[in-house]
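Novice: Sharing a model prediction with you, sequence too.
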Amino acid sequence: MSGVEKSVEKSFDIRVLKAKTEKLPDLSSLILSTNDGVIQYDAGDGTILGFPLFHTPQVAVQRHFLSSGTVFGNHSHEQREWVLVYEGELVARIAEKEERLSIADAVCIDIGQEHSLEAITDTWLICVSIPAAEGYPFTHSI
């Protein structure tokens, strides 16, 4: 094994990642209610709404609204997720890194990564999950 391989092996331990992410809620546990195809997520004092757009076993797409100041709390899931902002501005916190996103910015969140979103202004975004989580975007197949 080369020095680089040993270094990578030491810096990444799947057992540590699993231990950290097993403590996090999955996205479905953050749902407060569904009504006429609109999903309301737990947002403390703010507002997070989800609007399912598309679902197959291979891919799921949901549009989200986050009111200014709202935090979409820490969670993780077993799918890769892309988040694309199309109106507003937010801070994405992914695996202890912070990235500010505004119109046309996107991030990719890897499988099992702890992440949260905080809206700086009222923000609209599109989330794409590959493969689709079972039932995501929850209760509706389009």
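Specialist: Done, it's in. Small disclaimer: the values here were computed from a predicted structure and weren't measured.
Novice: burial measure for the nearest residue to Gly73 once chain neighbours are set aside, as a count.
Specialist: Once flanking residues are discounted, Gly73 sits nearest to Ser116: 5.6 Å by C-beta to C-beta, 6 or more residues apart in numbering. Where you see a C-beta, it was placed from the backbone N, CA and C, and this is true even at glycine. Using other C-beta atoms under 10 Å, Ser116 is surrounded by 15 other residues.
Novice: And for Arg100?
Specialist: 12.
Novice: when you give positions from now on, start the count at 6
Specialist: All right, first residue 6 from here; so that's Arg105.
Novice: Counting neighbours, which bits of stretch 72-91 end up buried?
Specialist: Buried residues in stretch 72-91, counted by 16 or more other C-beta atoms under 10 Å: 72, 75-78, 80-82, 84, 86, 88, 90.
Novice: Sorry, slip of the keys, the one I care about is stretch 105-120.
Specialist: Neighbour-count burial for stretch 105-120 flags 106, 110, 112, 114, 117-120 (criterion: 16+ other C-beta under 10 Å).
Novice: Reformat those as CSV; add pLDDT and secondary structure.
Specialist: Below are those laid out as CSV (pLDDT from 0 to 100; DSSP: H, G, I helix; E, B strand; the rest coil):
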residue, pLDDT, secondary structure
Leu106, 98, strand
Asp110, 98, coil
Val112, 97, strand
Ile114, 95, strand
Gly117, 90, coil
Gln118, 92, coil
Glu119, 92, coil
His120, 93, strand
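Novice: Would you map the helices across the protein?
Specialist: Counting by DSSP state H, one finds helices in the chain at the ranges 8-16, 19-26.
Novice: Out of those helices, point me to the one whose mean pLDDT is lowest.
Specialist: Per-stretch mean pLDDT for those is lowest at helix 8-16 (a mean of 46).
Novice: so where is this protein shaky, pLDDT-wise?
Specialist: Applying pLDDT under 70 to the chain picks out residues 6-38, 140-147.
Novice: which residue ranges form the strands in it?
Specialist: With DSSP state E, the ranges of strands along the chain come out as 36-40, 43-46, 53-60, 65-71, 76-80, 85-92, 94-99, 102-107, 111-114, 120-124, 128-135.
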